[in-house]
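> Fold the following and give me the result.
(chains A, B and C)
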Amino acid sequence: MRLFPRFLNGAGQLYVGLVLAFLYLPIFIMVLMSFNASPFYQLPIDWSAGWYTALAGNSQLIAATWNSVTIALTTTAIATLLGTAASLALYRYRFRGKKLLQALLFPPIAIPWLITGTAMLIFFFAVGIGRGLHAILLGHVALALPYVIVVVSARLQTFAPELEEAARSLGASQWQVTRRVTLPWIAPGVIAGALFAFAVSFDQFVVSYFLSTPGQTTLPVEIYAAIRKGFTPEINAVSTIIIVLSMTLMLLTARYFRFGGEK
Amino acid sequence: MTAAPPPGAQHSQLRPALPLLLPAYLWLTLAIFLPLSAMVFFSFMTDLPLADRSWAMTLGNYAAFFETDLYGRLLLRSLRLGLEVTLYCVLIGFPCAYVLAKVLKGRSREAIFLLVILPFWSNGLVRIFSWAIFLRGGGVIDSALNAVLPFEVSVDLMYSYPAVIIGLVHSYLPYMVLTCYLTLQAIDDSLIEAARSLGASRLTVLRRLIVPLAMPGLIAGAVLIFVPVVGSFMEPRILGGRSGTFYGTVIEDQFVAVFNWPLGAALSFILLAVVLAVLALAAPVLRRQT
Amino acid sequence: MAEVTVHGVSRFFGSHAALQDVSIDFPDGGFYGLLGPSGSGKTTLLRMIAGFDFPDAGAIAIGGEDVAALPVQRRRIGMVFQNYALFPNMSVFDNIAFGLSVRGVARKETRDRVEKAVDLVQLSGLGARRPHQLSGGQRQRVALARAIVTRPQVLLLDEPLSALDKSLRVGMQIELKRIQREVGITTIFVTHDQEEALTMSDRIGILRDGRLEQEGPPAEIYDNPASEFAATFLGDANIFRGTVDGNTIHLADGTCLHCREALPPGTRAACAVRPERIMIRSTAGPVEAAAMNSLPARITKRIFAGNSITYLLNWQGETLKAFAQNTGTTPFDEGAAVTLHWAVESTIPLS
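Coordinates of the predicted model:
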């Protein structure tokens, strides 16, 4: 039985349609404008791929993009490895202070990045780590770690501890148990965690912004600088590429992994 | 036979856990916990502790917050912005989550749910930028409206408070839909049927059953939205222009324009205190049902 | 194959004693049933033999070798878990082959041994299936095959049949027993189901609150329970309490019951009578011989179960139980006044 009469269902669907329009309209317009030859976004659209060719010649943007990709991939690798290891320890062993360690994962997620970012800037500056790509990587891994641990731990909750015990009773060493029984089961969670890590790093603006130096920036920082200098339609083009890429990536993973659920 | 000592500690299994835990937690300590502590320390300093500068401990940075009413006013303005954005997200997001969880079925539900949370995975800065294109005067809205309306209008929302609100709601709405959807979907349909069979009207069911049961989702969504919005600076800068001065942008200025880091640290720490207070208030409701 | 000895084992969780000074010899090649209610410590004991838990005091030896320093994977045990714990990411074949493959057994030998194990548990042709495509009984067989294919010294079974429904369970009991006989492996079986323990075990140990209450072959324990707990937990029993005078117990209402053995005189004690040993006669009928105990009672409830009838009776405000075979005679009506008779031989004194 439904709570509301049937005729309201149509209204409900219409409403969801409007919400979707609100979410996608500006993005859609931006994509259109990236193909508009007019730098002042004049209508009707004068179709052109000129901004994309201009983009190909913008070495500064390309370097920043390369930095973003490299940092995101490195962050994903490190955070997934360390985060999965920590999740396994939190799942497998009992010890005092475990609750505290689990609680410590939430401040990095809940505290606004403005605070975390400025705090990192101050601290890294004071201890001599300084700013630059290495500092950005250091920060990104720390931001991504809690997400990986939370996602992998959630998947581990569905894992029966007897499976590890059964494997050990059959003569498997700790490493064999992990590799052949535990990891295959939590693989969807690990992949979901890796995607989170990639997204946190690749989309990260605030922390990168405070930790970057003029030569060593990431793409979002570069875009922000360009927007503040004045609109340049090249940014439309690069934004379009980013948004299409990240949405496609997510759609593909959602198809295969249903956000870390069953295959 | 004598009792041999059991291998490893029995009650605490910290030793085998440490090699797996240490790398992650050392990293978090170095990049999150130590910086946050350092920020507190710096907020009590007169200047940066660099070789060529003299510094001393002071309460001056906090005094600055209270001496002029500028920072207090901006903090209030940011809090109001947070409340407004959260409210709009609840008003728009909850019904949307309800339709997704209780009206739509099967594949269409999955597909639309995915569409709603998809923007979430794309770059926030880029999405704000897309609003900047969309909202600017002489832009898309003008042309569209003038094409249908018989009289000439000019809509220029860019660089205004509403523009900031729209951009932020757009950025954070998926959080609210997601958290509400998860709790609403967990409500058993038979509960609704039971309430109806006991003679409750539709509104009563909504008010007495569905909203209370969905409360953890609403609160979680509200916290996830309110906290970052209070600390936002990029969105007001891009969409707010001159009317985009908020608490977050002032902190940004201390670090990238004015270079008064101790004051910035103090302002950040005050924001952190506000955030922690909000989280502490929300914690009991969130813990009740998990 | 090997015998398992548990000597003076205790295990404490905080101040709670899960096991207290338990010593059991599990004979080589035997089928030993550890029986007890939940919380009696039977699973803790099994997990300590497996190596998942460690005693705070005492020693465990498998095949004469003390295993305190041996981790699980080197104890050469096979274990079947309550929920079977089949690896969901592996086929039936890979599940069974797992123990061989982690030991580095050659591929051809692995295939032969797995095939033999599959035949033994009668699962031929299902090797490619995934665990979720199997029925409960089939999963049970895979778990068993996986546990014995490595030729362990001991087979540990943790309530392996409790997840099956009743009809399947009885079939698997026979099957499990057959396989154990064929392999001849020392088997330790944990259960809370007394019927299962009675039908399957060569020896039974009854655990209660972390202590070994009684131990012995099933028939011996059933016929000679040492305590009220043993009498009521393993099978049904009517318990009578009173004061001891030689072979006789004087009940509160003055009735004398004769026991088959003497008890320490003057103490308060109890005796047990199995419900199937009690005969019901109408009060008007002939008086029984002197070798019988008798009590007047009233029938309060008659429960028909096809091949037998259970009577609940009221005696002095207490409820007694008696079983009667359905032999075709007219059953007694509820409310009827009757006399209960049973042999002195069937009156078991309890300490």
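> Any regions of the stretch 51-200 of chain B where pLDDT drops low?
Low-confidence segments of the stretch 51-200 of chain B (pLDDT under 70): B:51-54, B:137-140, B:142, B:146, B:149, B:152-155.
> In it, what residue comes closest to chain C?
In the stretch 51-200 of chain B, no residue comes nearer to chain C than B:Glu110, which is 22.3 Å away by Cβ to the nearest Cβ. All C-beta spots, glycine's among them, are computed from the backbone N, C-alpha and C.
> how many neighbours does that residue have?
14 (other Cβ atoms under 10 Å in any protein chain shown).
> Secondary structure element holding it?
In the assignment (DSSP states H and E), B:Glu110 maps to helix B:106-117.
> one step back: quick one: contacts for the residue of the stretch 51-200 of chain B closest to chain C?
Not one residue lies near B:Glu110 by Cβ atoms under 8 Å, 6 or more residues apart in numbering or on different chains.
> And the helices in the stretch 51-200 of chain C, which stretches?
Using DSSP state H, counting those that start in this stretch, the helices assigned to the stretch 51-200 of chain C run over residues C:92-102, C:107-120, C:136-148, C:166-183, C:194-200.
> Please identify which of the ones you listed is closest to chain B.
The nearest among these, by Cβ to the nearest Cβ, is helix C:92-102 at 19.4 Å.
> pLDDT score assigned to the residue of the stretch 151-300 of chain C found nearest chain B?
Relative to chain B, the nearest point of the stretch 151-300 of chain C is C:Gly210 (16.7 Å; Cβ to the nearest Cβ). Looking at C:Gly210, its pLDDT is 92.
> ok, back up a step: may I see the buried residues of the helix holding B:Glu110?
B:Arg109, B:Ile112, B:Phe113, B:Leu115, B:Val116, B:Ile117 (16 or more other Cβ atoms under 10 Å in any protein chain shown).
> Would you mind putting these into JSON lines with distance to chain A alongside?
JSON lines is the format used below for the buried residues of helix B:106-117 (distance: Cβ to the nearest Cβ, whole Å):
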{"residue": "B:Arg109", "distance to chain A": "10"}
{"residue": "B:Ile112", "distance to chain A": "6"}
{"residue": "B:Phe113", "distance to chain A": "10"}
{"residue": "B:Leu115", "distance to chain A": "6"}
{"residue": "B:Val116", "distance to chain A": "7"}
{"residue": "B:Ile117", "distance to chain A": "9"}
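> farthest-separated two in these?
For the buried residues of helix B:106-117, the farthest-apart pair by Cβ to Cβ is B:Arg109 and B:Ile117; their separation is 12.7 Å.
> for C:Ala324, helix, strand, or coil?
Look at C:Ala324: counting by DSSP: H, G, I helix; E, B strand; the rest coil, its state is strand.
> Give me the spatial nearest neighbour of it, chain neighbours excluded.
Computed as Cβ to Cβ, 6 or more residues apart in numbering or on different chains, the closest residue to C:Ala324 that is not its neighbour in sequence is C:Ile309, at 4.9 Å.
> number of nearby residues for C:Arg107?
10.
> Please list the outside residues in contact with the worst-scoring helix or strand of chain A on mean pLDDT.
Ranked by mean pLDDT, DSSP states H and E, the helix or strand of chain A with the weakest confidence is helix A:233-257, at a mean of 80. For helix A:233-257, the external contacting residues (Cβ under 8 Å, 6+ apart) are A:27, A:30-31, A:33-34, A:36, A:39, A:41, A:51-52, A:54-55, A:58, A:61, A:65, A:188, A:191-192, A:195, A:199, A:202-203, A:219, A:223, A:226-227, A:263, B:114, B:118-119, B:121-123, B:126-127, B:129-130, B:133.
> Just the ones of these in helices?
Counting by DSSP state H, the part of the contacts of helix A:233-257 found in helices is A:27, A:30-31, A:33, A:51-52, A:54-55, A:61, A:65, A:188, A:191-192, A:195, A:199, A:202, A:219, A:223, A:226-227, B:114, B:126-127, B:129-130, B:133.
> Run the chain-centre distance for whichever strand in chain C runs longest.
When chain C is parsed with DSSP state E, its longest strand is strand C:292-304. Here strand C:292-304 shows a centroid-to-chain-centroid distance of 29 Å under the convention Cα atoms, centre = their mean, to the nearest Å.
> And for that strand, what's in contact with it?
Residues from elsewhere that reach strand C:292-304 (Cβ under 8 Å, 6+ apart): C:255, C:257-258, C:273, C:280, C:283, C:288, C:309-315, C:319-320, C:331-344, C:347.
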